[in-house]
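1. Provided below for reference: sequence and predicted model.
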Protein chains: 2
Amino acid sequence: MRYTLCATALSALLLSTSAFAGQPDDVAWQITADLTTEIGARPAGSAAEAKARDWAVVRLKKLGFQNVRIEPFTVTGFVRGAETATLTTPYSHKLHITALGYSAPTPAGGLTAELVYFPSLDALKAAPAGSLKGKIAYIDHAMTRTQDGSAYGPYGNARRQGPGIAASKGAAGVVIRSIGTDMHRNPHTGATSWPDGTAAIPAGAVSLPDGELIARIAKTGKPMTIHLVLEGRAQPNMPSGNVVAELPGRDPSLPPVLVACHLDSWDLATGAFDDAAGCGIITAAALRAHTKAKPLRTIRVLWAGSEEIGVFGGAAYAKAHAGEPHALAMESDFGADRVWRVQFNLSAANKPMRDRIAAALAPLGIAAGGDKAGGGADVGAIIAAQKLPVIDLDQDGTRYFDLHHTPDDTLDKIDPVQLEQNVAAWAAVLEIVANEPGAITPAD
Amino acid sequence: MRYTLCATALSALLLSTSAFAGQPDDVAWQITADLTTEIGARPAGSAAEAKARDWAVVRLKKLGFQNVRIEPFTVTGFVRGAETATLTTPYSHKLHITALGYSAPTPAGGLTAELVYFPSLDALKAAPAGSLKGKIAYIDHAMTRTQDGSAYGPYGNARRQGPGIAASKGAAGVVIRSIGTDMHRNPHTGATSWPDGTAAIPAGAVSLPDGELIARIAKTGKPMTIHLVLEGRAQPNMPSGNVVAELPGRDPSLPPVLVACHLDSWDLATGAFDDAAGCGIITAAALRAHTKAKPLRTIRVLWAGSEEIGVFGGAAYAKAHAGEPHALAMESDFGADRVWRVQFNLSAANKPMRDRIAAALAPLGIAAGGDKAGGGADVGAIIAAQKLPVIDLDQDGTRYFDLHHTPDDTLDKIDPVQLEQNVAAWAAVLEIVANEPGAITPAD
């Protein structure tokens, strides 16, 4: 709430005066605001995502980027349909549900079955084979807030693996407690997957308050029945694409620095946090790194497509650019809250550059925190293929999973003050990295 | 969020140990938890409200109340139907909308029209007669948080009066920014009304983030078109009723102390804050005031029906009990957060009692704040009819309008520590008032 009020007031200030503390620069804000307002939701493979690519090309050219192009590919997307859930036994409650990506549709008229409560993914794993035949599994979990977002790994498996495990035990459907840390009636979507040989079943996530209700009723021992309507379904061969653009450096013979975000969003909201802001941050920072002088190396921005349903854009980029060397890769895809830590994957030979980066970030409240830099989803494939060095600017994820993949991921959640700190941090790193004349190499 | 986690942890503690700081007493929590879990949403006139009355009779008898009875009446209710809204021009956005109570249904296939933006109710009032013919009016507002909830008066008029004003100027429909202070995709419902001679039109409220989006687009000056489907409609002659119960005092000749809450809720959630908790608070406090010794006066609890759509229960109570004297009236209907202020409407002759109440409440962090006690919606009619003295225990409303009339009004929002402070405050007041042997009279 505080962020919201702050965002509204400060964005007004920002837009009216352009006199932001430190450097006046509303590129990041305007990309985030305009993409979420003029395009809105832009799910992988949709017409809206295609519109967003065209919009991106126009905006990047207008901002002075060169070699701006769309690199197309196709994906199997997920097209949402009607989705409702009603608990009918032992008490009647309308639940707030959303289908998970790659859920199978329920049969005509919906699916009514016993809801079998599992307090955790491990409890579901322990259920005997065949024991869920004709039933709907419910998977609870206890995810809490973490600044580094690390809880998403283990608890997120309830969404990633849970439905497939339930299906393999004969379940007719599966419902999970949303993978989130808020307590609002906004369910969190996200993709699930099915093991080879296991047919997809209807799979949905209820909001956290609905999850609390189900857990309370489960504790009474009374049997539960649920009626599910989840009409969304996978759709193959949908058009998607990456948008790639460059700010050329002084020495075109040197490999470029690759900075990424993703352009697609889930369909339930306008994807401000995930990941319009990331595109705003990397793009504004690339421009700002050119403010004083043109850097030595080219900075290439990748606004990836179809990240949310399988990181198709990252795979397509790695394939299309397999033959080109890259200097280093970075990604911004964790909201727009303050960067609190920098991590590196750089060789000992690059220690002087690393020290200069750490020194440049320290005044922004960013501590050098370790050597576990991994990049991000959209640069993962190219990093793995080319064993690229990486720098991570870790954003504060304390409230990230309140918003993640929910209808609540809207522009009002962006705090312009924190957004600006992100741009400043990214610009500081890019100015150093893009002016590094020597080889940049990873630790491993 | 903090409240939620706290609620979960503390309720577990409370339920497992019954050793609450101060007095062990989980009556308020259990009424709130069980009513919202076993009955859930209980809109005025519905079958669920009827179930809630039966549930209330069983619970109140079990708790030792006497003369427990249902006092029936009928109401014109509001039955919700499908509700969707899509902004189609200049950008495409699915909006989160809910119909206001007493909205007219949209025609078959929905209503598509220009959306005319008014920054405030005053701006709508200034629109020329007939200028909205065939259009849909949008009413914005700038409600912010107030501890005493006072912003709800003026800003709430956008919902109470706005639709009628738009209709009188020829509008085909009306959409308002939800009357709320949160920033979640959960619209706030609530009743509206139509001036005599003005036919009802479709009327809905969009969530606050959707309102921010509309305001942003309005500022560009681009015309907006919206497609509305709001299928809810008013339904006359629905059965409702009050539940009345007593804890008899030692002297049946003395007028009883009347304490009220309302049993009905809006249909979008389980009505934990509004007003299951109020019923929990007054009921637990009445019982606690009997802990040491039976008070002199009878304490009568009123769990009123059909408050949300026109305070029908309060009117029915005043009519049914017109011939009976009452000592004093109080109501709890503003959530379950901490009481911070007590206000009185007591004569100078009752100053000694008032001073004792103020002294009893001071250790609970409750300051004697004034003489503007008004009671509450459900006791309003009987107070006016009999010129009753009143005591208000003002709850902290800072987050009340985040939750008010939204899908988010669920049990997890109740903080047991603050709920207990409410019960303690109410019990302290009731112990003094119900043992007052002399006349209790209002200031006016």
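-> Looks like it arrived, so ask away.
2. Burial check on A:L208, number of neighbours?
-> Residues contacting A:L208 under the criterion other Cβ atoms under 10 Å in any protein chain shown number 27. (Each C-beta comes from the backbone N, C-alpha and C, glycine too.)
3. roughly how far apart are the nearest residue to it once chain neighbours are set aside and B:W29?
-> Nearest residue to A:L208 in three dimensions, chain neighbours excluded: A:M183, at 5.2 Å (Cβ to Cβ, 6 or more residues apart in numbering or on different chains). The gap separating A:M183 from B:W29 is 17 Å, by Cβ to Cβ, to the nearest Å.
4. Could you check which of the two is surrounded by more residues?
-> Neighbour count, other Cβ under 10 Å: between A:M183 and B:W29, B:W29 has more, with 25 against 22.
5. A:S131: what's it in contact with?
-> Shown in contact with A:S131 (Cβ atoms under 8 Å, 6 or more residues apart in numbering or on different chains): A:K169, A:G170.
6. where does it land in three-state SS?
-> Going by DSSP: H, G, I helix; E, B strand; the rest coil, the secondary structure assigned to A:S131 is coil.
7. The stretch 301-444 of chain A: helices as residue ranges?
-> Using DSSP state H, counting those that start in this stretch, the helices of the stretch 301-444 of chain A run over A:312-320, A:351-361, A:377-386, A:400-403, A:416-433.
8. So for chain B, which of the ones you listed sits nearest?
-> For chain B, the closest of the helices of the stretch 301-444 of chain A is helix A:400-403, at 7.3 Å, according to Cβ to the nearest Cβ.
9. who's in contact with the closest one?
-> By Cβ under 8 Å, 6+ apart, the surrounding residues in contact with helix A:400-403 are A:143, A:145, A:149, A:151-152, A:179-182, A:184, A:188, A:273-274, A:334-335, A:337, A:408-409, A:413, B:1.
10. how about the residues of the stretch 101-250 of chain A near chain B?
-> For the stretch 101-250 of chain A, the residues in contact with chain B (Cβ under 8 Å from any Cβ of the partner chain) are A:144, A:181-186, A:208-209, A:212-213, A:216-217.
11. ok, which stretches of the stretch 1-150 of chain A are strands?
-> A:66-79, A:83-89, A:93-95, A:97-99, A:111-118, A:136-139 (DSSP state E, counting those that start in this stretch).
12. Redo these as CSV? Include distance to A:F344 and mean neighbour count.
-> CSV is the format used below for the strands of the stretch 1-150 of chain A (distance: least, Cβ to Cβ, whole Å; neighbours: other Cβ atoms under 10 Å in any protein chain shown):
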stretch, distance to A:F344, mean neighbour count
strand A:66-79, 28, 17
strand A:83-89, 43, 18
strand A:93-95, 45, 19
strand A:97-99, 38, 26
strand A:111-118, 40, 19
strand A:136-139, 37, 27
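13. Redo the ones you listed as JSON lines? Include distance to B:D196 and mean pLDDT.
-> Converted to JSON lines, those look like this (distance: least, Cβ to Cβ, whole Å; pLDDT from 0 to 100):
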{"stretch": "strand A:66-79", "distance to B:D196": "48", "mean pLDDT": "98"}
{"stretch": "strand A:83-89", "distance to B:D196": "38", "mean pLDDT": "98"}
{"stretch": "strand A:93-95", "distance to B:D196": "35", "mean pLDDT": "98"}
{"stretch": "strand A:97-99", "distance to B:D196": "42", "mean pLDDT": "98"}
{"stretch": "strand A:111-118", "distance to B:D196": "47", "mean pLDDT": "98"}
{"stretch": "strand A:136-139", "distance to B:D196": "51", "mean pLDDT": "98"}
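14. out of the ones you listed, which comes closest to B:P43?
-> Checking the strands of the stretch 1-150 of chain A against B:P43 by Cβ to Cβ gives strand A:93-95 as the closest, at 11.9 Å.
15. In the stretch 251-400 of chain A, what residue comes closest to chain B?
-> Closest residue of the stretch 251-400 of chain A to chain B, Cβ to the nearest Cβ: A:A269 (7.1 Å).
16. what about A:A359, how many residues close to it?
-> Look at A:A359: counted by other Cβ under 10 Å, it has 12 neighbours.
17. Which pLDDT value goes with it?
-> Note for A:A359: predicted pLDDT of 98.
18. Now do it against A:M353, distance only.
-> Where A:M353 is concerned, A:A359 sits at a distance of 11 Å (Cβ to Cβ).
19. cool, and A:P442?
-> Going from A:P442 to A:M353 by Cβ to Cβ gives 13 Å.
20. Same check on A:L258?
-> Distance of A:L258 to A:M353, computed by Cβ to Cβ: 17 Å.
21. Looking at those two, which has the bigger crowd around it?
-> More crowded of A:L258 and A:M353, by other Cβ under 10 Å: A:L258, with 28 against 20.
22. I'd say A:H184 and A:D408 touch.
-> Yes. Between A:H184 and A:D408 there is a contact under Cβ atoms under 8 Å: 6.7 Å.
23. overlap in contacts of the two?
-> Common neighbours of A:H184 and A:D408 (Cβ under 8 Å, 6+ apart) are A:D402, B:H184.
24. Who has more neighbours out of these two?
-> Per other Cβ under 10 Å, whichever of A:H184 and A:D408 has more neighbours is A:H184, with 30 against 27.
25. Quick one: residues contacting the more buried one.
-> By Cβ under 8 Å, 6+ apart, A:H184 lies in contact with A:S207, A:L208, A:P209, A:D402, A:T406, A:D408, B:H184, B:N186, B:D408.
26. Shouldn't it be within a helix?
-> No. Secondary structure assignment (three-state DSSP) places A:H184 in coil, not in a helix.
27. what's around A:T144, how many residues?
-> By other Cβ under 10 Å, the residues close to A:T144 number 9.
28. Same check on the one 10 residues further on?
-> Here the count is done by other Cβ under 10 Å, and A:P154 has 11 residues near it.
29. in the helix or strand containing it, what counts as buried?
-> Element membership for A:P154 (DSSP states H and E) is helix A:152-160. By 16 or more other Cβ atoms under 10 Å in any protein chain shown, the buried positions in helix A:152-160 come out as A:Y152, A:Y155, A:G156, A:N157, A:A158, A:R159, A:R160.
30. any idea of the mean pLDDT in it?
-> Here helix A:152-160 scores 97 as its mean pLDDT.
31. what's in contact with the very next helix or strand once past it?
-> Using DSSP H and E, the next helix or strand after helix A:152-160 towards the C-terminus is helix A:162-168. Under the criterion Cβ under 8 Å, 6+ apart, residues A:100, A:103, A:121, A:124-125, A:129, A:132, A:137, A:139, A:174, A:176, A:192-195, A:198-201, A:203 lie in contact with helix A:162-168.
32. Just the buried subset of these, written out for PyMOL, thanks.
-> Buried residues within those, by 16+ other Cβ under 10 Å, are selected in PyMOL with:
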select buried, chain A and resi 100+103+121+124+132+137+139+174+176+192+194+200+201+203
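33. give me the low-pLDDT residue ranges for the stretch 1-150 of chain A?
-> Within the stretch 1-150 of chain A, the ranges that satisfy pLDDT under 70 run A:1-25.
34. where along the stretch 251-400 of chain A do the strands fall?
-> Going by DSSP E, counting those that start in this stretch, the stretch 251-400 of chain A shows strands at A:257-262, A:299-304, A:328-331, A:339-345, A:367-370, A:390-395.
35. can you put those strands in CSV and add distance to B:V116 and mean pLDDT?
-> Output for the strands of the stretch 251-400 of chain A, formatted as CSV (distance: least, Cβ to Cβ, whole Å; pLDDT from 0 to 100):
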stretch, distance to B:V116, mean pLDDT
strand A:257-262, 37, 98
strand A:299-304, 36, 98
strand A:328-331, 43, 98
strand A:339-345, 43, 98
strand A:367-370, 52, 90
strand A:390-395, 40, 98
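36. Need the ones you listed in TSV (columns: distance to chain B).
-> Formatted as TSV, the strands of the stretch 251-400 of chain A follow (distance: least, Cβ to the nearest Cβ, whole Å):
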stretch	distance to chain B
strand A:257-262	20
strand A:299-304	19
strand A:328-331	26
strand A:339-345	19
strand A:367-370	26
strand A:390-395	19
